[in-house]
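J.: Just need the structure, nothing else, for what follows:
(chains A and B)
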Amino acid sequence: MNGEEPSLNVNLAGLKLANPMMTASGTCGYCFEYADLLDLSRLGAFVTKTITAKPRKGNEAYRIVETRGGMLNAIGLANVGLEVFLKEKLPQLRQLRASGPRIIVNIAGHDANEFAELATHVSAEDDIDAIELNVSCPNVAGGLDFGTNPDLLEPLVAKVRQSITPNINLIVKLSPNVGDICQTARAAINGGANILSMINTYTALTVDVYHRRPRLANGTGGLSGPAIRPLAVYLVNRVYQNVARQANVPIIAMGGIQYWQDAAEFILAGASALAVGTGLFINPATPTNISDQLVSWLSKLGYNHLEQAVGSLQMPTAATDTHSQ
Amino acid sequence: MGAIMSAMGSLPANVSTIPMRCLVGATVVFNEPICREHFRLRLGLPGRFSPTKPGQFVQLGCRPPGGGQNQEALLGQCIEWDTAIPPKLTQTELCEELALLRRPFSLAGRGDNATGTWIDVIHRVVGTGTQWLAHLAAGDRVDLIGPLGNQFELPDDKSLGLLVGGGVGLPPMFYLAQWMHQAGWDVVGFVGATTRDLLAVTCNSGQEPDPGGLPTHCIEEFSQFNFPAVVTTDDGSQGLMGRVTDGLEPLLRGLSVPRRRQAVVFVCGPQAMMQATAHLAQAYGVDCQVCLEQAMACGMGTCQSCVVKIHDQPGDIGETGDWRYKLACTDGPVFNAQDVAWA
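T.: Numbers count the residues shown, from 1 in each chain, chains lettered A, B, ... in the order given. Alright, predicted model coming up:
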């Protein structure tokens, strides 16, 4: 390596990050929960838990169960609600933002009006760089409707876009629980999303075979962790190739990232930024460890900027997307 | 320590982090079988571990540190390879059956000496993670996050501790006994198991537990501090036949009313046993602290998995109904028994 280290700076359609590493919504609390184990100031961006209009208790225990290489969760969007979030959590996020990371607030509503109202309140606050729409939570009644139906998703995103200030970035988090994720990706972009994040968890079921009942109190849950990583890499590449690249919409990728190699796979597949979720539970310092190691990887490849690696995956020319067969 | 100190740099002054949690590598000192399926694992930690108290726990990685893929990742170092030879990446999740998430273990004891700190945990082989732990030997490396959770409280106006542990609920009681010894409390231990060979304690030779349920110096974990203990087994294969509450009730009944006011019952074990113990303590007007358990992923208050139902307290805001979910990991694991909304 000659001279300077490769740059990890990321420009997500105007949202500028010092590096591509983020926390995934719902795995890092509201702000400083990991502060003594993760140097939060070194994150590219911090993504909050999903915030809803009213506080939510969430589901009964068991809310989590481990499966081979992954975990199922059915938390049920337990959160403090908008009012407490703005009053108690946002001041902490402002302190965090002053140290470097951009702030992304994840929200979910029961219907388009509630989504728009939440987004209006959140975007009225200073120091929030982006709103991420959770249109794909598999663990609440009706939570998947927007995220799986492009005809519902596009007007929802458009309504939210109209109700927020233009300088706020709008991210839509895509569900993998669809027939063709390119359709929901297009709907999100047509509605006005300028960044996509993908993927949310896979709806899944695990069974207590002696009691013949689900191991989660909710019945089904969302599968995350290394078990879904190759599935997520595939979907990121598919959306990048077919939708996002032409539309010039960057992708924030997540799904089983634990090591720098995992992050590198997503970058090559088309991701401009990366979020760590389940991996934080095992080592909260995972995002900053990966940041450090991506620099070394990029210099090995001869790149002097992360953006050069984005989507540079060399697919075999004869490769057929089995999904379209 | 450099990484930990720099991590502190992002922390505003008004956010409390005492005791400070950290991710540390540990070396196995020993991993001894106690009884069927149970092991006492002593871990040596470099330097002085953050202050800990009974009731607190650690999140133990039940796989080689760094996930078995690369220890360098854990240390934040870069992996070097020759550009002519592509790196060989081992995909642990495909070739090994190992636990992904850490597992929470209550501290069963702690000591500090010139070279560092040791901590004890007791584990029972129940699944993938604990099977891996069972094969650890002296010198092996593990990593852990801790200390986590709150602790048992020793009120100044109390002086008699009744320490009730069932099954894998015993370990925090051993650490609590160590603590109470230093604090000058009187202690009686109550040790329950389904059967003799699942009794995760060290029985003193020539000191069989009393089959009538009288406290004797039969259990080393208590007798080393000169505390007596009562053993109960469901099938009567050791000590008193019955539940741990069957051993506790005669003692509570025998206490004078003023002595009951000085007593606190501390309990950890299966939920039904904790609930029964809490009700018994309440019936005799004795305070009770319970150490609750719930399946958890992070142990640090982020994943919201380990919820327990706790009655609303004066001063609580923003909830309706008479209970709310609290987190066993950061609000607990220790709660006042009267605050728990038992199922």
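
J.: now the helices for chain A?
T.: A:81-84, A:90-98, A:112-123, A:145-148, A:150-163, A:181-191, A:229-239, A:245-247, A:260-269, A:278-282, A:286-301, A:306-309 (DSSP state H).

J.: Which of the ones you listed has the highest mean neighbour count?
T.: helix A:278-282 (a mean of 28; mean count of other C-beta atoms under 10 Å in any protein chain shown). Quick note: C-beta positions are derived from backbone N, CA and C, even for glycine.

J.: helices or strands up against that helix?
T.: helix A:286-301 (3 or more C-beta pairs under 8 Å, 6 or more residues apart in numbering or on different chains; DSSP states H and E).

J.: Just the angle for the helix it packs on relative to helix A:260-269, thanks.
T.: 60 degrees (axes from the mean of the first three to the mean of the last three C-alpha atoms, to 10 degrees).

J.: I'd like the average pLDDT over helix A:286-301.
T.: Summarised as a single mean, pLDDT over helix A:286-301 is 95.

J.: any idea of the pLDDT on residue 161?
T.: No chain specified, so I'll use chain A. 97.

J.: Wait, chain B was what I had in mind.
T.: pLDDT, B:G161: 97.

J.: just the one 5 residues further on next, same as before
T.: In this model, B:G166 is scored at 92, pLDDT.

J.: Now do the same contact list for it.
T.: B:G192, B:A193, B:V244, B:C268, B:G269, B:P270, B:M273 (C-beta atoms under 8 Å, 6 or more residues apart in numbering or on different chains).

J.: and the stretch 201-343 of chain B, which residues reach chain A?
T.: For the stretch 201-343 of chain B, the residues found near chain A under the criterion C-beta under 8 Å from any C-beta of the partner chain are B:294-298, B:300-308, B:318-319, B:324-325.

J.: Could you pull up the residues touching A:I257?
T.: A:I257 neighbours (C-beta under 8 Å, 6+ apart): A:R229, A:A263, A:F266, A:L274, A:A275, A:V276, A:G277, A:G279, A:T286, A:I290.

J.: gap between it and chain B?
T.: 12 Å (C-beta to the nearest C-beta, to the nearest Å).

J.: And that residue, how far from A:M22?
T.: Going from A:I257 to A:M22 by C-beta to C-beta, to the nearest Å gives 10 Å.

J.: quick one: common contacting residues for those two?
T.: Joint contacts of A:I257 and A:M22 (C-beta under 8 Å, 6+ apart) are A:L274, A:A275, A:V276.

J.: possible to save those residues as a markdown table with neighbour count?
T.: Shown next, in a markdown table, are the shared contacts of A:I257 and A:M22 (neighbours: other C-beta atoms under 10 Å in any protein chain shown):
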| residue | neighbour count |
| --- | --- |
| A:L274 | 30 |
| A:A275 | 32 |
| A:V276 | 30 |
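
J.: Looking at those, which one is closest to B:G332?
T.: Taking C-beta to C-beta as the measure, B:G332 lies nearest A:V276 of the shared contacts of A:I257 and A:M22, at 26.4 Å.

J.: Was I right to think the closest one contacts A:T23?
T.: Yes. With contacts counted by C-beta atoms under 8 Å, A:V276 reaches A:T23, the gap being 6.4 Å.

J.: quick revisit: so which of the contacts of B:G166 are in helices?
T.: Short answer: the contacts of B:G166 in helices (DSSP H) are B:V244, B:M273.

J.: Closest to A:K87 out of the contacts of B:G166?
T.: Of those, the one sitting nearest to A:K87 (C-beta to C-beta) turns out to be B:C268, at 36.2 Å.

J.: Report the contact partners of that closest one.
T.: B:106, B:164-166, B:169-173, B:274, B:290-291, B:293.

J.: Return the member of those residues nearest to chain A.
T.: Among the contacts of B:C268, B:E293 lies closest to chain A (C-beta to the nearest C-beta), at 10.5 Å.
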